[in-house]
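Novice: give me the fold of what follows.
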Amino acid sequence: MELLFYPFAALLIWLSIRSFRGGFEYLRYFRKGLSKPESDFTPLASIIAPCRGIEEGIEENLSALFTQNYPDYEIVFVVDDPNDPAATVIDQQISKNPQQPAKLIVAAEAITNSQKVANLREAVKHISDESKAFVFVDSDARPSPGWLRSLVAPLADTAVGAATGYRWFVSPDPTLGSEMRSAWNASIASALGPKDRSNFCWGGSTAILRETFERLSISERWKVVVSDDFTLTAAINEAGMAIRFVPAALTASVGTCTLRAMLEFTTRQLQITRVYAPRLWLASLMGSSIFCGVMIAGFMIVLLTRPDRPIFIAAAATLALVTFFSIGKTLLRLKAVRLVLTDYEAQLTRQAWAQSVLWLVTPAIFWFNSTWALISRRITWCGTVYELKSARETVIIAD
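Specialist: Residues are numbered from 1 along each chain as shown. The predicted structure is shown next:
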């Protein structure tokens, strides 16, 4: 048993060092990206915002779309039910901002894909004929005034298929569930960076040129899928184009959640990942298994073994090194995020303490998420139950 501990402990330490070094790379990338001058590449853009129900802070989130530092753009809101309470909020925002072109459309009920994807497919049919760029945003994202300009700017490079931001969860009234969700999500946020070929699109903050969208037949690809962003990522990768991560397009997602809601959310993400990106799912399962196995074994060895034994020294060193590198990565990541989310300094300061502890628990959540994804392909999303048969077949179970 001891012989098994040594190689796996060495592997975990190596992975921790690699992750720590990645934290410096992440911070450098943010600093470099944020130091760039304001782009003058501003083609007519269409923001597409699918909505369903009342997200926490939805009024502030939608209001932010009307105050973008961008010369010419339109907003297309889309719901699947005219009586959806989100429609009332949207109408109010449109009335408050008559100077900004915006409209609300109603999509039909989804039959072969998720309702969000059905909404997106309907929305692109109502875009201005002159629009050159499609920009997708989720209703729980609260973009800064420079978000749209920053997100569209990389599309001036013809090698770039799409530009993406990501979310960072902050909570005005922190709960354990909220802080756990933020810590879990943070590890995914730092997977994005300078390597265009390994980046992925996040549907809550993604820009793509209309010409690219149509050439890659994205709307057609979306006909039978649940995940808009994984499908978009795959299409761009197949075309040999780059996905550019834009630090300035990092958006706050403001709200609270319970532990149950956190677990439902995180598990659904890995269930979708298993179907649309099985290699990422497998990496999550293996990585979390190694972490949990080594750390639990290390704690047990330290508690139950005499201090003069080599295995005790190895276990204690493993726990100390993994802790040092993991907390270091957490603080570097937060330092980078602070450069963008300057309006949330108090929340991020609080998160520094929470995430410096919760890094120890998030791998166990990833392990549970990944294991459950192995057992079940059935998810509940915005009140609808879907069976993810494959990346090309979705069955709606109930609504």
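Novice: would you tell me what the next helix or strand after the lengthiest helix in the chain is?
Specialist: Counting residues, the longest helix in the chain under DSSP state H turns out to be helix 2-34. Counting by DSSP states H and E, the element after helix 2-34 in chain order, helix or strand, is strand 45-50.
Novice: could I get the CA-only coordinates of that following strand as CSV?
Specialist: Presented in CSV, the C-alpha positions along strand 45-50 are these (Å, rounded to 0.1, in the frame of the first residue of the first chain):
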residue,chain,number,x,y,z
ALA,A,45,-23.0,44.0,-33.5
SER,A,46,-26.1,42.2,-32.3
ILE,A,47,-26.3,41.1,-28.7
ILE,A,48,-28.5,38.0,-28.3
ALA,A,49,-29.8,37.5,-24.8
PRO,A,50,-32.0,34.4,-24.2
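Novice: from K329, how far out is the closest residue to G161 other than its chain neighbours?
Specialist: Excluding the flanking residues, the one nearest G161 by Cβ to Cβ, 6 or more residues apart in numbering is M241, at 3.1 Å. Any C-beta I mention is one placed from the backbone N, CA and C, and that applies to glycine too. Separation of M241 from K329 (Cβ to Cβ, to the nearest Å) stands at 30 Å.
Novice: between those two, which one's more packed in?
Specialist: Taking neighbours as other Cβ atoms under 10 Å, M241 and K329 compare with K329 leading, 25 against 20.
Novice: what's the helix or strand for the more buried one?
Specialist: Going by DSSP H and E, K329 is part of helix 310-340.
Novice: what packs against that helix?
Specialist: helix 2-34, helix 176-189, helix 278-304, helix 345-358 (3 or more Cβ pairs under 8 Å, 6 or more residues apart in numbering; DSSP states H and E).
Novice: most tightly surrounded among these?
Specialist: Comparing the helices and strands packed on helix 310-340 by mean neighbour count (mean count of other Cβ atoms under 10 Å), helix 176-189 ranks first with a mean of 21.
Novice: ok so, going back, next one: the longest helix of the chain to chain centre, how far?
Specialist: 21 Å (Cα atoms, centre = their mean, to the nearest Å).
Novice: start at 224, not 1
Specialist: Done: numbering now begins at 224, and the last item shifts to helix 225-257.
Novice: checking the residue located most distally from the centre of the chain next. Helix, strand or coil?
Specialist: Relative to the centre of the chain, the most outlying C-alpha is that of D531, 45.9 Å out, by Cα atoms, centre = their mean. What DSSP: H, G, I helix; E, B strand; the rest coil gives for D531 is coil.
Novice: run through this protein and note the low-pLDDT ranges.
Specialist: By pLDDT under 70, the low-scoring segments of the chain are 224, 621-622.
Novice: so where do the helices sit in the stretch 324-473 of the chain?
Specialist: Using DSSP state H, counting those that start in this stretch, the helices found in the stretch 324-473 of the chain span residues 338-346, 370-375, 399-412, 433-438, 441-444, 451-461.
Novice: give me the contact list for the second one.
Specialist: Residues outside helix 370-375 that contact it (Cβ atoms under 8 Å, 6 or more residues apart in numbering) are 261-262, 264-266, 268, 270, 287, 291-293, 296, 356, 358, 386-388, 428-430, 469, 471-472, 474.
Novice: could you dump that helix to CSV, C-alpha only?
Specialist: The C-alpha trace of helix 370-375 is given here as CSV (Å, rounded to 0.1, in the frame of the first residue of the first chain):
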residue,chain,number,x,y,z
TRP,A,370,-17.4,44.3,-22.4
LEU,A,371,-18.9,44.5,-25.9
ARG,A,372,-16.0,46.4,-27.5
SER,A,373,-13.4,44.1,-25.8
LEU,A,374,-15.2,40.9,-26.9
VAL,A,375,-15.6,42.0,-30.5
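Novice: give me the distance from it to the chain's centre.
Specialist: Worked out by Cα atoms, centre = their mean, helix 370-375 lies 17 Å from the chain centre.
Novice: and the last one, by the same measure?
Specialist: What separates the centre of helix 451-461 from the centre of its chain is 15 Å, taken as Cα atoms, centre = their mean.
Novice: which secondary structure elements does it contact?
Specialist: helix 338-346, strand 383-387, strand 428-432, helix 441-444, strand 465-468, helix 482-499.
Novice: relative orientation of the helix holding K552 and helix 225-257 in degrees?
Specialist: Using axes from the mean of the first three to the mean of the last three Cα atoms, to 10 degrees, the direction of helix 533-563 lies 10 degrees away from that of helix 225-257.
Novice: in helix 533-563, which residues are buried?
Specialist: Buried residues in helix 533-563, counting neighbours by 16 or more other Cβ atoms under 10 Å, are found at 534-535, 537-538, 541-542, 544-545, 548-553, 555-563.
Novice: now the angle between helix 399-412 and that helix, please.
Specialist: Going by the same axes, to 10 degrees, helix 533-563 makes 90 degrees with helix 399-412.
Novice: return the distance of stretch 416-423 from the chain's centre.
Specialist: 14 Å.
Novice: hey, C-alpha coordinates of it in PDB?
Specialist: Taking C-alpha atoms only, stretch 416-423 is exported to PDB below (Å, rounded to 0.1, in the frame of the first residue of the first chain):
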ATOM      1  CA  GLY A 416      -5.800  31.700 -21.100                       C
ATOM      2  CA  PRO A 417      -3.200  32.500 -23.800                       C
ATOM      3  CA  LYS A 418      -3.400  29.100 -25.600                       C
ATOM      4  CA  ASP A 419      -6.100  29.800 -28.300                       C
ATOM      5  CA  ARG A 420      -6.300  26.200 -29.400                       C
ATOM      6  CA  SER A 421      -7.100  24.900 -26.000                       C
ATOM      7  CA  ASN A 422      -9.700  27.600 -25.100                       C
ATOM      8  CA  PHE A 423     -13.400  27.000 -25.200                       C
END
